[in-house]
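>>> Sequence plus predicted model, see below.
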Amino acid sequence: MVELSGERRSRLSLRLDPILLLGILLLGCLGMVVLYSASGQDLGIVYKQAVRIGVGLFVMTLIAQTPVHWFRETAWWLYLIALIMLVLVLIVGDIGKGAQRWLVIGPIRFQPSELMKLAMPMAIAAWFASRQLPPNTIESLIALVLVLVPMFLIVRQPDLGTALLVGSSGAIVIFFAGIGWRLLLVLLTAVAAGVPVLWHFMHDYQRRRVMTFLNPENDPLGAGYHIIQSKIALGSGGIDGKGWLNGSQSSLQFIPERTTDFVFSVYAEEFGFIGVAVLVLLYLSVVLRGFYLAYTAQDTFARLLGASLGMIFFVYFFVNVGMVSGLLPVVGVPLPLVSYGGTSMVTLMAAFGMLMAIGTEKRLMPQ
Amino acid sequence: MASQALLIKDIHMEAKIFSRRLLLGVFLVLGLSALLTGRLAWLQILDFDHYSDLALQNRVKISPLAPSRGLIYDRNGVLLAENIPSYNLEITPEEISDMQGLLKSLQQLLSLEESDLNRFRKQVARSPAFESIPLLTNLSDHQLALFEVSRHIYPGVEVLATLQRHYPEKELFAHLLGYVGRINEAELAKIDPINYRGTTHIGKLGIEQQYESLLHGQSGLQSREVNSHGRPIRVLDEDRPTEGDSIVLTLDRDLQQIAYDALENESGAIVAMDPTSGEVLAMVSRPSYDPNLFVHGISTKDYSALTSNVETPLINRAIRGQYPPGSTIKPLTALAGLENNTIDPVTKYFARPFYQIKGQERKYRDWKRSGHGWVNVVDALAVSSDVYFYDMSHRLGIDKMAEMYAQFGMGSITGIDLPGEKQGILPSRQWKKKRQNIAWYPGETLIVGIGQGYMLTTPLQLANFTSCIAMRGACREPHLLKTQLSKESGKQDLTTEGWQIELNNERNWDYIIEGMVNVMHAPNGTARRSAADAEYKIAGKTGTAQVFSLAEDERYNADELARDLHDHALFVAFAPAENPQIAISVIVEHGGGGSTAAAPVARKVLDAWLVRKDTKPDG
């Protein structure tokens, strides 16, 4: 081991997965091309996005050099810290005026729910890895509690969308760990039954938002109008698209949130179905490469974590495209690696860093 | 680690389980991707013609129309909050050939800030060329005049009017009305996004915040036809917004002005209410500020001037200032004594210069150095004998006193329709145990009986209990909303709520009211000077609240003390005593004695209300 790592260091070789890296870079660059058009040819936005991707890549590279057992050992601590910060956000947020999702420590503004997006799958994977798979009912229920507590805290912020995403990141691990089908069925039934209870505890304005979320026609100026315009953009793109910078729906500002949540509509209008197919293949190759790295990993923890990180990435992609194409209700989920915005870029890249650490570690281990 | 050592894991079984689930995951990902691709193929290939047509005909742009905010009036229809036109300077980029030159010239003409120009340039870059972009908002009259004179040399530059909230009475109603300001992030999360789509401002404080839902109204929308470049051609359809409801407050503008002026430059507060209805007639807190500063975003300089002012002009002292009630509490202490038969209305007690609890050294001094001599309860109120109340409080006990104070609303908010009301402190055995975990000392009972020590009240609470006494227990909740003027449901008057204080002996009201009348009209009453030549009978009570405690053998000497250690002057009253129409509380911070600093202020307000009302033909 010592010799091997010494040898690697002498070659100054970084532990990165070239295929995954290629996919990430392609998506990031494609994103900047679309952003230039979506922002009305504002190079400033493209430049800022490039800086964010650069910072993200740096974080990814750092994390990719970490031994995987560190993730397992720090999983509980990270989970605990994220949990404490989520509680803190609720307390401090009550006193302070502005946003309740942010925690300010000195010069750093920080969103604890972003940390939880990573800590949650790590902790659940660590929990199952310390047991024998498949989990029995009690072990599964304990994992469920670990998922529900942070979700509850995030709902209180209140941020229903993020709560659902964080929750799904934990639920995915439970699925990969091999939870029994019967228990899964019971839980899904319980969730369906729990909806009216949740409704009872919601604020009036939250209920209004849920209603708009389910039925966009309630909001003729907002979600409903946006979805209609987004569908027109997609459909009028046709097979080969209107061409870069030529999307009329985009340049005439019919598409809302063109650089963030609806950036896919701009892309699909300008690059058509061919462009869409290329993009879907790019995302698929990143997700499947992630799955492959997880499959070849050395232990249960690494497999569970790797597979769930890949799956979460896919969920973000699916929810975003499903939303702009009118398959799913409008939730504020950006298109990963493409949408403009910095808050989630670092989290996303950190996740890829962990995947790469998982994928490259096995080569360091003597078979 | 021990449990892990015991757990012998079946690694192959785990790998098998995981691999099976991962395979399911792969199928799920492929299946969902196929679903997405299928959906997009449907939209982009099968429905291409349909959507392509729609895109070409996409001629309808919808924009929100903000409702105009409801107005606020005083009880006589005087406008307290209005919407006035504000002028913005806007530029349509496509009509300008030399933007750089234009901006330079306008910058010289109107002395624009570099930051305004930068904001403008950014917005120009992001918007279509036919859309007019504001260069400067809220032009001053001077800027407006300068521009109008040379307007002809600036084609493509326009002055556009929007509505802006304005408070014509400025400082006079600042704490009551509050103000509107730009919607911030926290508010954004709590408002109805549909209804506020066109709205930029929201009620931040006071009545503007309290009645936001009435004042705001319902937003509308406008659909406009645009050509293939997005230029608006004509309005297709308009769903007009519904104006916000206007509201009439219980306040009287003129009375408010007289009360405000009566305080002169002192820091303090006045609350005047109609005891028969609970309608608040005037509520003053000084120093005050101009709420108009906040509507367009207050400058950092103005804001720090307000926040760094030690006299805290931003705080509404009438509901958020908490002061020891001083001797103004004595009528309630007396009522507790009478109701519990600790004292009777006739028996006289010899009030010495000081009082001592048996077996204790400490002397509890009277404010009058020589003492008051033989006094009954009515006399004790009139001359404000501390020693009489020390003795009675000692025999009565804190529990029964606290019970009586609580009935008059001490220690809880009055529930007035203004946000941010404080509840003061009603000290009791339980309160002290909970707060400091120390037992209650008998000496503290004495101090509370004359309104010092832990007890704190807001000026509104003082006016409220005075009004309760005036009505002999038929209390009315103080409130500010009188009438709602709705476009849809018409005029709606507010019904008043209240509660009844039942006494064991109804006659006890007479004794404390007699005591309060004697404060004003008896030859030895503490506030007799302030009632001189009054055309009506007043029932009042003076109070002086210590800001710091004197040692047992010290005497208060104003000349030797810094101004911020001077006593607060307090006064409560209602009038006419036999047919109450107004109840009032006055606090002059560090004003000294209640009889000299606070009572004359109250007299001016009472005169204004009662004398003016009598001379008015329609009352």
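Received it, and whenever you're ready, just let me know what you need.

>>> Point me to the residue of chain B nearest chain A.
Here chain B gets closest to chain A at one residue, B:Tyr51, 2.5 Å apart by C-beta to the nearest C-beta. For every residue, glycine as well, the C-beta is placed using N, CA and C.

>>> helix or strand for the nearest residue to that residue once chain neighbours are set aside, which one?
Of all residues not flanking B:Tyr51 in the chain, A:Gly235 sits nearest, at 2.5 Å (C-beta to C-beta, 6 or more residues apart in numbering or on different chains). Per DSSP states H and E: A:Gly235 is located in helix A:223-237.

>>> which strands and helices sit next to that helix?
Applying 3 or more C-beta pairs under 8 Å, 6 or more residues apart in numbering or on different chains; DSSP states H and E, one finds that helix A:223-237 makes contact with helix A:248-251, helix A:263-295, helix A:300-324, helix B:48-56.

>>> Report the mean confidence score over it.
Throughout helix A:223-237, pLDDT has a mean value of 84.

>>> Tell me how far it lies from the chain's centre.
Here helix A:223-237 is found 24 Å from its chain centre; the criterion is C-alpha atoms, centre = their mean, to the nearest Å.

>>> between it and helix B:48-56, how big is the angle?
Angle of helix A:223-237 versus helix B:48-56, following axes from the mean of the first three to the mean of the last three C-alpha atoms, to 10 degrees, is 120 degrees.

>>> Check the burial of B:Leu36 by counting its neighbours.
18 (other C-beta atoms under 10 Å in any protein chain shown).

>>> what pLDDT does the nearest residue to it once chain neighbours are set aside get?
Leaving aside its sequence neighbours, B:Leu36 sits nearest to A:Val321 (C-beta to C-beta, 6+ apart; 5.3 Å). As predicted, A:Val321 sits at a pLDDT of 95.

>>> Contacts only, for the closest residue to A:Leu133 other than its chain neighbours.
Nearest in space to A:Leu133, with sequence neighbours left out and distances taken as C-beta to C-beta, 6+ apart, is B:Glu14 at 4.3 Å. Going by C-beta atoms under 8 Å, 6 or more residues apart in numbering or on different chains, B:Glu14 touches A:Gln132, A:Leu133, A:Thr300.

>>> if you set the cut-off to 10 Å instead, what comes out?
By C-beta atoms under 10 Å, 6 or more residues apart in numbering or on different chains, the contact list for B:Glu14 reads A:Phe128, A:Ala129, A:Arg131, A:Gln132, A:Leu133, A:Pro134, A:Ala177, A:Gly178, A:Asp299, A:Thr300, A:Arg303, A:Leu304.

>>> Now the two most distant members of the residues you listed.
Maximum pairwise distance among the contacts of B:Glu14 (C-beta to C-beta): 16.2 Å, between A:Pro134 and A:Asp299.

>>> For chain B, what's the nearest residue on chain A?
A:Gly235 (2.5 Å).

>>> picking that back up, report the secondary structure element holding the residue nearest to A:Leu133.
Assigned by DSSP H and E, B:Glu14 belongs to helix B:11-41.

>>> check contacts around the closest residue to A:Tyr36 other than its chain neighbours.
Leaving aside its chain neighbours, A:Tyr36 sits nearest to A:Val46 (5.1 Å; criterion: C-beta to C-beta, 6+ apart). If you count contacts by C-beta under 10 Å, 6+ apart, A:Val46 has them with A:Gly31, A:Met32, A:Val33, A:Val34, A:Leu35, A:Tyr36, A:Ser37, A:Ser39, A:Thr259, A:Tyr340.
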